[in-house]
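*Asks:* Need coordinates for the following:
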Amino acid sequence: MTGDALRWLEGAVILALVALLFVAMARTWRTRARRQADTVRPVPVPSGLGPAAGSWDGFTVATTRADQPLERITAGGLGFRGRGGVTVHDTGVVLHHAGTDDRWIAADAVRGADRATTAIDRVVEPGGLVRLRWTATGAAGATDLDTYFRFPEGGAAALAALQGLTTTHEPPHTAGEGTN
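*Replies:* Just a heads-up that it's a prediction; the model follows:
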């Protein structure tokens, strides 16, 4: 075999391996999305919500299982990073994500909101992400999730609105509760 033929053969083998890797990645992604489909079903936005407390646009960084920032949720259009944001109403939150239908999260499914620094493959300055903590209900039961956002102005107003929503729907705590 000549040197040119050997190089062509090596190139073809490498190209085939790369193609095989991409096929395996696509199959894994589809399998994960199918497995999560019953867990994280999309909930359409109800009509007649009334005025919003506010709406913020930025980037949806990721949605993961609660407190597992490396366990990406791929179902229901939540798997990709992209333009997105939130609209907060007194009865819940509308998640906006480019390329997918808006998703409704009722106020009683919102578990909280806070700041984060990392999510999957994104690391930003301390507290540079807004994390919405919520519970999705599907055929497989309830699943606690975290959705991370990056807002251009830091998202202080969005965070305050989300935190205000969670505090208005939490049961009141009495003095001494949870202490020993």
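*Asks:* what helices or strands is the longest strand belonging to the chain leaning on?
*Replies:* Counting by DSSP state E, the longest strand found in the chain is strand 54-65. Packing partners of strand 54-65 (3 or more C-beta pairs under 8 Å, 6 or more residues apart in numbering; DSSP states H and E): strand 68-72, strand 82-89, strand 92-97, strand 118-119, strand 141-150, helix 156-168. C-beta: built from backbone N, CA, C; applies to glycine.
*Asks:* Tell me the pLDDT of the residue nearest to the spatial centre of the chain.
*Replies:* Residue closest to the average C-alpha location in the chain (C-alpha atoms, centre = their mean): residue 63, at 2.0 Å. Here the pLDDT value assigned to residue 63 is 89.
*Asks:* Could you do residue 139 as well?
*Replies:* 69.
*Asks:* now residue 169
*Replies:* Looking at residue 169, its pLDDT is 51.
*Asks:* What of residue 1?
*Replies:* Turning to residue 1, the model gives it a pLDDT of 70.
*Asks:* centre of the chain versus the longest helix anywhere in the chain, how much separation?
*Replies:* Taking DSSP state H as the criterion, the chain has its longest helix at helix 3-36. Centroid separation for helix 3-36 versus its chain: 28 Å, with C-alpha atoms, centre = their mean, to the nearest Å.
*Asks:* Pull out the buried residues from that helix.
*Replies:* 32-33, 36 (16 or more other C-beta atoms under 10 Å).
*Asks:* okay, those in CSV with distance to residue 151 next?
*Replies:* Shown next, in CSV, are those (distance: C-beta to C-beta, whole Å):
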residue, distance to residue 151
32, 28
33, 27
36, 26
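*Asks:* Who are the contact partners of residue 73?
*Replies:* 36, 40, 63-65, 79, 145 (C-beta atoms under 8 Å, 6 or more residues apart in numbering).
*Asks:* Just give me the closest of these to residue 86.
*Replies:* Distances from residue 86 to the contacts of residue 73, taken as C-beta to C-beta, are shortest for residue 63 (12.6 Å).
*Asks:* just to revisit the earlier point, deepest of the helices and strands packed on strand 54-65, which one?
*Replies:* Of all the helices and strands packed on strand 54-65, strand 92-97 has the most neighbours on average by mean count of other C-beta atoms under 10 Å, namely a mean of 22.
*Asks:* Give me the contacts around it.
*Replies:* 45, 49, 57, 60, 77-78, 80, 82-87, 102-107, 109-110, 132, 134, 147, 162, 165.
*Asks:* could you point out where this structure is predicted with low confidence?
*Replies:* Along the chain, segments meeting pLDDT under 70 span 37-38, 139, 167-180.
*Asks:* Repeat the analysis, applying 90 as the threshold.
*Replies:* 1-7, 25-44, 47-53, 62-82, 90, 97-101, 116-128, 136-143, 152-155, 164-180 (pLDDT under 90).
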